[in-house]
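> Attaching a predicted model along with its sequence, questions to come.
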Amino acid sequence: MQFLIESGDVLLEGFLATLRMLALTVLFALPLGVVLAAMRISPVPSLRWVATGFTELLRNTPLTLVFFLLVFVIPRLGPIIDFQISAIIALTLYTAPFYAEAIRSGVNSVPVGQAEAARSVGLTFSQTAVHVIIPQAVRSVIPPLINVTIALTKNTSVAGGFFVFELFASSKRLANSYADETIAIFLAIAACYLLVTIPLGRIADRLEKKVAVMR
């Protein structure tokens with residue numbers, strides 16, 4: 001494991017790059033998911049159609065293809081975008097529909113009477129959604145949202161194939177320098193991913209049990 005001592009800075013750099021990409025994607029994808037979920041339950045047909053089309057398109061498109069479009073196709077049609085930014089946009093567009101569906105499932109779990117009561121006292125659709133439905137839905141969808149984030153953590157590895165230096169991409173650099181330590185390198189990379197996904201999984205389990213008790 002001498003390579004860990006000699007190249008710990010490379011692993012750390014890749015790990016921090018992955019955490020940064022993960023945090024920025026969640027920062028952008030989660031609000032977009034909330035907007036998509038609100039559009040899916042909107043009484044306006046056009047909003048529902050746009051949100052449904054966007055959600056179904058991205059959920060059924062391979063992440064690699066989304067990266068390819070953002071990294072290679074879009075720059076040919078317009079301004080050149082930094083690979084790191086393109087990766088975050090690709091992950092955001094791909095992940096937001098999954099957040100949206102998780103939130104929508106929580107919205108559907110809220111009794112219809114809650115919305116009817118809110119409308120009966122004069123609240124508009126947006127007020128009902130923001131002040132009545134979504135606050136109740138969020139409590140039950142936190143575990144699914146964390147599960148989507150866990151999947152996102154692993155999906156960041158796709159960026160390594162599109163000129164973005166992150167945790168998985170750091171394994172290529174280490175493998176070139178330490179060809180005899182390939183197995184150990186990938187075990188170290190896997191351990192770094194587990195440092196993120198296992199705590200998230202534990203949090204999801206605890207919150208799921210807490211929500212079950214509260215219900």
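Right, received. Where do you want to start? Note that the structure is a prediction, hence the values are computed from the model and not measured.

> Not counting the host helix or strand of residue 67 itself, show me its contacts.
Element membership for residue 67 (DSSP states H and E) is helix 63-68. Residues from elsewhere that reach helix 63-68, judged by Cβ atoms under 8 Å, 6 or more residues apart in numbering: 58, 86, 87, 90, 91, 93, 94, 155, 158, 159, 161, 162. All C-beta atoms are positioned from the backbone trio N, CA, C, and that covers glycine.

> pLDDT (mean, whole number) over that helix?
On average, the pLDDT along helix 63-68 is 90.

> what's the answer for stretch 92-100, then?
Stretch 92-100 carries an average pLDDT of 94.

> Quick one: the strands in the chain, in order.
Counting by DSSP state E, the chain has no strands at all.

> circling back: just the C-alpha atoms of the helix holding residue 67, please, in PDB.
C-alpha atoms of helix 63-68 as PDB (Å, rounded to 0.1, in the frame of the first residue of the first chain):
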ATOM      1  CA  LEU A  63     -26.500   9.200 -18.600                       C
ATOM      2  CA  THR A  64     -23.600   8.700 -21.000                       C
ATOM      3  CA  LEU A  65     -25.700  10.100 -23.800                       C
ATOM      4  CA  VAL A  66     -26.600  13.100 -21.800                       C
ATOM      5  CA  PHE A  67     -22.900  13.700 -21.100                       C
ATOM      6  CA  PHE A  68     -22.100  13.200 -24.800                       C
END
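
> Please name the nearest non-neighbouring residue to residue 41.
Spatial nearest neighbour of residue 41, excluding adjacent residues (Cβ to Cβ, 6 or more residues apart in numbering): residue 107 at 5.8 Å.

> ok, that neighbour - contacts?
Taking Cβ under 8 Å, 6+ apart, one finds 37, 41, 133, 134, 137 in contact with residue 107.

> which among these gets closest to residue 175?
residue 37 (41.6 Å; Cβ to Cβ).

> By neighbours, which of the contacts of residue 107 wins?
residue 37 (27 neighbours; other Cβ atoms under 10 Å).

> Hmm, residue 97 and it touching each other?
No. Residue 37 lies out of contact with residue 97 (Cβ atoms under 8 Å); the separation is 9.6 Å.

> Mutual contacts of the two, please.
Counting by Cβ under 8 Å, 6+ apart, nothing touches both residue 37 and residue 97.
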